[in-house]
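Engineer: Have a look at this prediction, sequence included:
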Amino acid sequence: MTGGPRVALAFHPGSGRGAAARLAGAVASRLRPHVARLDVIDADTVEGARQRLEAARESGLDALVVVGGDGAAHLAVQFCAGTPVALGLVPSGTGNDLARALDVPGDPAAAVDSLAHALRTGHRRRLDLGRAGDTWYGTVLCSGFDAAVNDRANRLRWPRGPRRYDVAIAAEIASFRARDIRVTADGETLTAPAMLVAVGNTPWYGAGIPVCPGADPTDGLLDVTVVGKVGYRELARVLPRLRTGRHVEHPAVTTLRARTVEVADVGRAGGADWPVFADGDPLGTLPVSISCVPRALTVLA
């Protein structure tokens, strides 16, 4: 095809125990008839991927298609945010939460067909992103119990898939304790003991948990969910509601909506700093300042 879009196809050869690499060849074959140029980038390190993507951009790049899960999507967001380069996803990971938020079909073949249609027709969408310091994120930034679960889940070798998060929850629930947390949303401050704070650009994290069920990546706002101090038994009752989004009905849960959000731990004595995760990737510890950047990401749609 001449005069069509210039596309890079990126994947980690070891992702999903080689699943991404096995998919990549079929994806490339399906996309080639719809593009003027296809650069296949199979980097096994973040720095290697960055260097090869930058080289592709310097030679002219219209879109980046990523085969992988939320980790790969998070890296791609860093590359595409604030640029005209459109992002396309072929989900093949554990969580696939950004793909879910973008209504990407869960079946890789259907996802590729959707991308091919977008490349052929030129269809694009613009979405908001969250930003914390120099890091962009597309789904949810979290701290507290959920971040501790994420950290533990990332270290587990078994089981694979969404059940890994269930095992991590069971391991954390008995020992986790609330902390005094200050949340400032567009200048309004809430200070209270909390179990977790989630700041969502889109609703889902942890392989389909709608922690911020009303989050909309086109409204210019971030949705904040704060779970206050609850006992072991009550927390065990709240957590199943996370799977349906009904946790927001619980009296211990506060929801906010704002363009800028700051989260700080004001009760650190006696415990380690709360970790912060964004798109499932570690982002240091509290405090953290987050802003919503409207229309920062172009996606193939």
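Structural biologist: Okay, I see it.

Engineer: switch to C-alpha atoms for all contacts and neighbour counts from now on
Structural biologist: Will do.

Engineer: What segments of the stretch 1-150 of the chain are strands?
Structural biologist: With DSSP state E, counting those that start in this stretch as the criterion, the stretch 1-150 of the chain has strands at 6-11, 37-41, 63-68, 86-91, 124-132, 135-137, 140-144.

Engineer: will you turn those strands into TSV that also has mean pLDDT, mean neighbour count and distance to residue 102?
Structural biologist: Output for the strands of the stretch 1-150 of the chain, formatted as TSV (pLDDT from 0 to 100; neighbours: other C-alpha atoms under 10 Å; distance: least, C-alpha to C-alpha, whole Å):
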stretch	mean pLDDT	mean neighbour count	distance to residue 102
strand 6-11	94	24	18
strand 37-41	94	19	23
strand 63-68	95	26	14
strand 86-91	96	28	9
strand 124-132	97	20	9
strand 135-137	98	23	14
strand 140-144	96	29	14
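
Engineer: Tell me how far stretch 23-40 lies from the chain's centre.
Structural biologist: Between the mean C-alpha point of stretch 23-40 and the mean C-alpha point of its chain there is a distance of 25 Å (C-alpha atoms, centre = their mean, to the nearest Å).

Engineer: ok, and what's touching it?
Structural biologist: Taking contacts as C-alpha atoms under 8 Å, 6 or more residues apart in numbering, the residues outside stretch 23-40 that touch it are 1-11, 56, 67, 112-113, 116, 119-120.

Engineer: What of stretch 217-224?
Structural biologist: Looking at what lies outside stretch 217-224 - C-alpha under 8 Å, 6+ apart - the contacts are 126-130, 197-202, 212, 214-216, 255-261, 291-295.

Engineer: tell me which residues of it are tucked away?
Structural biologist: With burial defined by 16 or more other C-alpha atoms under 10 Å, the residues of stretch 217-224 counted as buried are 217, 220-224.

Engineer: ends of that stretch, how far apart?
Structural biologist: For stretch 217-224, the first and last residues are 13 Å from each other (C-alpha to C-alpha, to the nearest Å).

Engineer: do stretch 174-182 as well
Structural biologist: The first residue of stretch 174-182 is 24 Å away from its last residue (C-alpha to C-alpha).

Engineer: So which bits of it are buried?
Structural biologist: 177-182.

Engineer: ok, now stretch 190-202?
Structural biologist: For stretch 190-202, the buried set under the neighbour-count rule, 16+ other C-alpha under 10 Å, comprises 192-202.
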